[in-house]
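*Asks:* 3D model of this:
(one chain, ligands or ions: 1)
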Amino acid sequence: MTAQLKESIRDSKSARWFVLITVSFLMLTGYFFTDIMSPLQGMLRDQMGWSNSSYGTFAGSYSVLNVFCLMLIFGGIILDKAGIRFTGTFFVGVMIFGAFLNYYAMTDTFNNGGLGYEFLNSFLTDYKPSLKMAMIGYALFGVGVEIAGITVSRIIVKWFKGKEMALAMGLEMACARGGMLIAFTASPFMTGADKVISRPLAFGVILLIIGLLAFFVHNMMDKKLDAEVAADETVESSEDEFKISDVFLLFKNPGFLLIAFLCVLFYSAIFPFTKFAPDLMVQKYGFAEEFSGWIVGLLPIGTMVLTPVFGAFMDKKGKSASIMMLGSLLLIFSHVIFAYLPSNTAFAFVAMVVLGFAFSFVPAAMWPSVPKIIPESRLGSAYAMIFMIQNVGLMLFPMLLGYVLDQSNQGLAEGASLDYTSSMTLMVGCGIAALVVAFFLRVVDKKKGYGLDLPNIQK
Ligand SMILES: NCCCC[C@H](N)C(=O)NCC(=O)O
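*Replies:* You can find the predicted model right below:
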């Protein structure tokens with residue numbers, strides 16, 4: 001058995017790092033498309049006639065199928081039953097199809113009465129057909145990219161378990177954040193001098209197809225690995241299986257509930273915020289539309305460097321529970337600056353850098369804490385449920401932010417800037433709630449002895 005494992009392809013350093021490159025690239029393409037529309041909110045208002053509420057509803061549609069159709073649970077079950085290659089290929093396909101519909105919604109072909117226009121124009125006429133088509137596309141894309149993300153985590157465990165797993169996960173997350181960075185900085189420029197919204201989206205779809213090709217390369221390596229260690233894999237996959245009965249046990253675990261609440265509150269103050277952040281830079285701080293994404297880009301740049309660094313620190317020194325509290329505190333600090341301090345550009349830089357620290361601290365501490373609270377046999381179910389609960393926030397908060405933005409700016413004079421104070425107050429509220437939950441998590445940790453503040457690597 002040992003001899004067989006030694007000869008396995010995953011024992012080749014170059015093979016497993018090559019696999020990591022293929023799946024990290026795939027996630028980069030997915031995160032790129034996720035935020036491709038974020039710096040285009042102003043253009044969507046001017047050219048497509050989308051209100052801020054419409055834009056927020058579009059952003060929230062990412063999670064609609066994940067929440068209402070329990071897609072992440074089904075994704076977990078399909079992953080267990082059909083395996084990594086089928087699940088990954090199928091859901092990357094769903095992601096590309098959804099992205100294509102999102103692109104199509106922005107084209108002149110569709111908006112001049114193309115396929116589906118008349119039908120989408122025949123009901124709920126307050127909402128533009130472009131919005132409805134984009135929402136259908138983005139909802140399908142959201143299913144694909146979230147399940148692809150779960151599949152990639154499973155792939156990393158498969159190839160790196162007992163090896164450089166934390167580092168591999170940190171690097172994959174850094175690549176994904178790289179996708180966000182490219183979206184924020186490049187997307188407005190890709191629209192060109194004539195500001196054609198569909199251009200960056202077309203590029204995004206092509207990039208996703210290249211991501212699929214990279215995944216096919218992974219599939220070949222995975223097939224080889226399966227052939228080599230078939231017996232060994234049977235043991236591992238049954239360990240991680242999603243079981244409905246596990247869900248009931250998870251909900252009786254106070255540590256799990258607190259981590260899930262922290263996850264939804266913390267991420268609701270990050271990803272929905274990034275959807276509006278470029279426009280906030282234009283409206284409050286007076287940045288040009290093309291450069292607004294560069295300020296927001298400070299966030300992924302910071303996290304690309306800091307998440308692996310803080311991850312390594314917590315691997316060796318621990319303090320994860322305390323760092324989750326610190327991250328939530330920094331989240332409040334940053335959103336308070338955006339909400340209430342004067343519109344000085346220096347404040348925008350400081351707030352974004354502080355948010356970068358928060359966005360590095362909490363993910364680096366939270367994701368590796370889950371295995372300390374949940375037994376390995378229920379980890380697959382636990383991650384699926386946390387993502388599912390997180391998606392409720394990713395659905396509701398962009399909608400709320402857009403709605404509050406419209407309501408708080410009624411009667412705005414022509415050409416005047418939007419006031420983001422009320423919308424950002426929502427984000428401050430999320431941060432405060434996250435801090436309270438992080439505090440209780442630390443208390444429960446001490447009481448139950450999960451060891452969240454202990455180093456991840458035990459000597
Ligand atoms: N595509 C943007 C949303 C990703 C949500 C995903 N469920 C997640 O939480 N990933 C971990 C992360 O920190 O990005």
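
*Asks:* Please count neighbours and contacts with C-alpha atoms only from this point.
*Replies:* OK.

*Asks:* so which helix or strand takes in residue 335?
*Replies:* helix 320-340 (DSSP states H and E).

*Asks:* got the buried residues for the next helix or strand after that helix?
*Replies:* Counting by DSSP H and E, the next helix or strand C-terminal to helix 320-340 is helix 345-366. Buried positions in helix 345-366, judged by neighbour count with 16 or more other C-alpha atoms under 10 Å: 347-348, 351-366.

*Asks:* One more: stretch 66-80?
*Replies:* Result for stretch 66-80 [16+ other C-alpha under 10 Å]: buried residues 66-67, 71-73, 75-80.

*Asks:* go on, stretch 27-45?
*Replies:* In stretch 27-45, counting by 16+ other C-alpha under 10 Å, buried: 27-44.

*Asks:* do that stretch and the ligand meet at all?
*Replies:* Yes - against the ligand, stretch 27-45 shows contacts by C-alpha under 6 Å from any ligand atom at 31, 34.

*Asks:* rewinding a little: tell me, which of the buried residues of helix 345-366 make contact with the ligand?
*Replies:* residue 363.

*Asks:* Tell me, how many residues neighbour residue 123?
*Replies:* 11 (other C-alpha atoms under 10 Å).

*Asks:* Distance check, it against residue 53.
*Replies:* Applying C-alpha to C-alpha, to the nearest Å, the value for residue 123 to residue 53 is 18 Å.

*Asks:* likewise residue 280?
*Replies:* Distance check for residue 280 against residue 53: by C-alpha to C-alpha, it reads 15 Å.

*Asks:* the more surrounded of the two?
*Replies:* residue 280 (24 against 19).

*Asks:* residues in contact with the closest residue to the ligand within the stretch 101-250 of the chain?
*Replies:* Going by C-alpha to the nearest ligand atom, the ligand is nearest to residue 146 of the stretch 101-250 of the chain, at 5.8 Å. By C-alpha atoms under 8 Å, 6 or more residues apart in numbering, the contact set of residue 146 is residue 72.

*Asks:* Could you report the pLDDT at it?
*Replies:* On pLDDT, residue 146 comes in at 96.

*Asks:* now do the one 5 residues further on
*Replies:* Note on residue 151: pLDDT of 93.

*Asks:* Likewise for residue 164?
*Replies:* Listed pLDDT for residue 164 reads 81.

*Asks:* Backbone dihedrals for it, please?
*Replies:* Torsion angles at residue 164 (phi, psi; degrees, to the nearest 10) stand at phi -90, psi 60.

*Asks:* Run a quick neighbour tally on it.
*Replies:* Look at residue 164: counted by other C-alpha under 10 Å, it has 13 neighbours.

*Asks:* What values do phi and psi take at whichever residue of the stretch 251-400 of the chain sits closest to the ligand?
*Replies:* Nearest residue of the stretch 251-400 of the chain to the ligand (C-alpha to the nearest ligand atom) works out as residue 387 at 5.1 Å. Reported as degrees, to the nearest 10, the phi and psi values for residue 387 are phi -60, psi -40.

*Asks:* For it, give me its contacts.
*Replies:* With C-alpha under 8 Å, 6+ apart, residue 387 has these contacts: residue 72.
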